[in-house]
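# Pasted the sequence and its predicted model underneath.
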Amino acid sequence: MTIEVKNIVKQFGSFKALDGVDLKVADGELLALLGPSGSGKTTLLRIIAGLDWPDAGEVKFDGQDALTRGAGERNVGFVFQHYALFRHMSVFENVAFGLRVQPRKIRKTEAQIRARVKELLDLVQLDWLADRYPSQLSGGQRQRIALARALAIEPRILLLDEPFGALDAKVRKELRQWLRTLHEEIHVTSIFVTHDQEEALEVANRIVVMDKGKIEQIGTPGDVYDNPASAFVHSFIGESIVLPVDVREGQVKLGARALNIDAGSAVGPSKLFVRRHDMHVGAVGEGALEGTVRRVRTFGPIQRADIALNGDDTLVEIDAPRDRPLTTGDAVSLQPRRYRIFAGQ
Ligand code: ATP
């Protein structure tokens, strides 16, 4: 099923939590909503789910108005960060719940319900836990059961709000890969909220980057990483070096030093963004910037160095391969290999 969100505005009092949001989700896509805390991700998800209503705008499922339908009539499954499974029900009964409360007309027989629950528990690879109670499960197992429960009614849309947010880093990483594989198998149109860029980059087909109630960029993980559309996206996704520069007549200056790089369309006070690994370290005279190595650490195949620039005014942290070891006190030059300049202070 496709989802179309048009010009959604949502205010809480005088505060605009969503400020003109437009979004199209293709059938079978797995889309991540990524943004810092308070950017409006959950509010947008709740509006799509039918748990909240916008002040203006449209939500369409397969071209049909969804806003006239309540949450129960939208055929949407949800998983939240703290999805309370029913504590007094076994895993089996938790997954069966949505099927047991379906309207009589479409309700399955007991045998069909048992078969469906078995199928779902197989899908999330937890059939061996069917008789346990939620308190006897790990956090990761609970979220997988919550997902099986959300899928029981065969929703046309699956909405996940930080489903792995409460789990430790290792389990999160496993579940991300697991979700990706599961989605390839079931192919239900899904929206996944996260504030973790690595999670979005790893799981999603496309990423929607949000800030302050607006969409900053929509693109594939490769697009948003390689071609960030704004200073916000550049600094939110990936680790960036940010240097204040001044652009006059096409020339980019850091303090008094003219840098031999292309200004693009920026004019006046601007910011130069370079990923840490895109700053090439060379001998003095080879690059646009010159500085002194202050500290070096090694992380597996890379060395991370703090380099003082601009007569010691500015410290940047770069990642370089270890084939040419850097030492504290070395005079070096830096040349941005890939970079972006965005106008503004
Ligand atoms: P997080 O990652 O912290 O969950 P989010 O991007 O999901 O953040 P939302 O929960 O959508 O952000 O909230 C967006 C803004 O709207 C926040 O500033 C929040 O305080 C505000 N907000 C959300 N719900 C309400 C409400 N019921 N009443 C008043 N303000 C609200």
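Received it, and whenever you're ready, just let me know what you need.

# From now on I want contacts and neighbour counts done on CA atoms only, so please keep to that.
OK.

# Next, the contact list for the nearest residue to Pro321 once chain neighbours are set aside, please.
Nearest non-adjacent residue to Pro321, counting by C-alpha to C-alpha, 6 or more residues apart in numbering: Ile302, 4.7 Å away. Ile302 sits next to Asp319, Ala320, Pro321, Arg322 when contact means C-alpha atoms under 8 Å, 6 or more residues apart in numbering.

# Buried ones among those?
Asp319, Ala320, Pro321 (16 or more other C-alpha atoms under 10 Å).

# got a pLDDT number for the last one?
What it means is Pro321. At Pro321, the pLDDT value in this model is 92.

# Phi first, then psi, for it.
phi -60, psi 160 (degrees, to the nearest 10).

# wait, it sits on Gln303?
Yes: using C-alpha atoms under 8 Å, Pro321 makes contact with Gln303 at a distance of 6.1 Å.

# Please go through this structure and pick out the longest helix.
helix 169-186 (DSSP state H).

# which other helices and strands contact it?
Here helix 169-186 touches helix 139-151, helix 197-203, going by 3 or more C-alpha pairs under 8 Å, 6 or more residues apart in numbering; DSSP states H and E.

# do you know which of these lies nearest the ligand?
Distance to the ligand, taken as C-alpha to the nearest ligand atom, is lowest for helix 197-203 among those, at 12.1 Å.

# Identify each buried residue in the closest one, please.
Judged by neighbour count (16+ other C-alpha under 10 Å), helix 197-203 contains these buried residues: Gln197, Glu199, Ala200, Leu201, Val203.

# Make CSV out of the residues you listed and add pLDDT.
What follows is the buried residues of helix 197-203, written out as CSV (pLDDT from 0 to 100):
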residue, pLDDT
Gln197, 90
Glu199, 91
Ala200, 93
Leu201, 92
Val203, 91
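
# Turn those residues into CSV, columns for distance to the ligand.
Output for those, formatted as CSV (distance: C-alpha to the nearest ligand atom, whole Å):
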residue, distance to the ligand
Gln197, 12
Glu199, 14
Ala200, 13
Leu201, 17
Val203, 17
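
# For stretch 275-289, give the mean pLDDT please.
For stretch 275-289, the per-residue pLDDT averages 87.

# Over to that stretch now: how far is its first residue from its last?
Start-to-end span of stretch 275-289 (C-alpha to C-alpha, to the nearest Å) is 15 Å.

# got the residues of the stretch 101-250 of the chain near the ligand?
Contact residues, the stretch 101-250 of the chain versus the ligand (C-alpha under 6 Å from any ligand atom): His195.

# Can you pull the phi/psi pair for Asp25?
Small correction: residue 25 is Val, not Asp. Per-residue torsions, Val25: phi -110, psi 130 (degrees, to the nearest 10).

# What's opposite it in the beta bridge?
Ile3 (DSSP bridges).

# What count of nearby residues applies to Ala122?
You called it Ala, but residue 122 is Asp. Neighbourhood size, Asp122 [other C-alpha atoms under 10 Å]: 13.

# How about the one 3 residues further on?
A total of 14 residues lie near Gln125 under the criterion other C-alpha under 10 Å.

# any idea how far it lies from Val5?
Counting by C-alpha to C-alpha - Gln125 and Val5 are separated by 34 Å.

# so what does the helix or strand where Val208 lies touch, helix or strand wise?
Taking DSSP states H and E as the criterion, Val208 maps to strand 206-211. If you count contacts as 3+ C-alpha pairs under 8 Å, 6+ apart, strand 206-211 packs onto strand 30-34, strand 214-219, helix 221-226.

# okay, the ones you listed in a markdown table with mean neighbour count and mean pLDDT next?
Below are the helices and strands packed on strand 206-211 laid out as a markdown table (neighbours: other C-alpha atoms under 10 Å; pLDDT from 0 to 100):
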| stretch | mean neighbour count | mean pLDDT |
| --- | --- | --- |
| strand 30-34 | 27 | 96 |
| strand 214-219 | 19 | 97 |
| helix 221-226 | 17 | 92 |
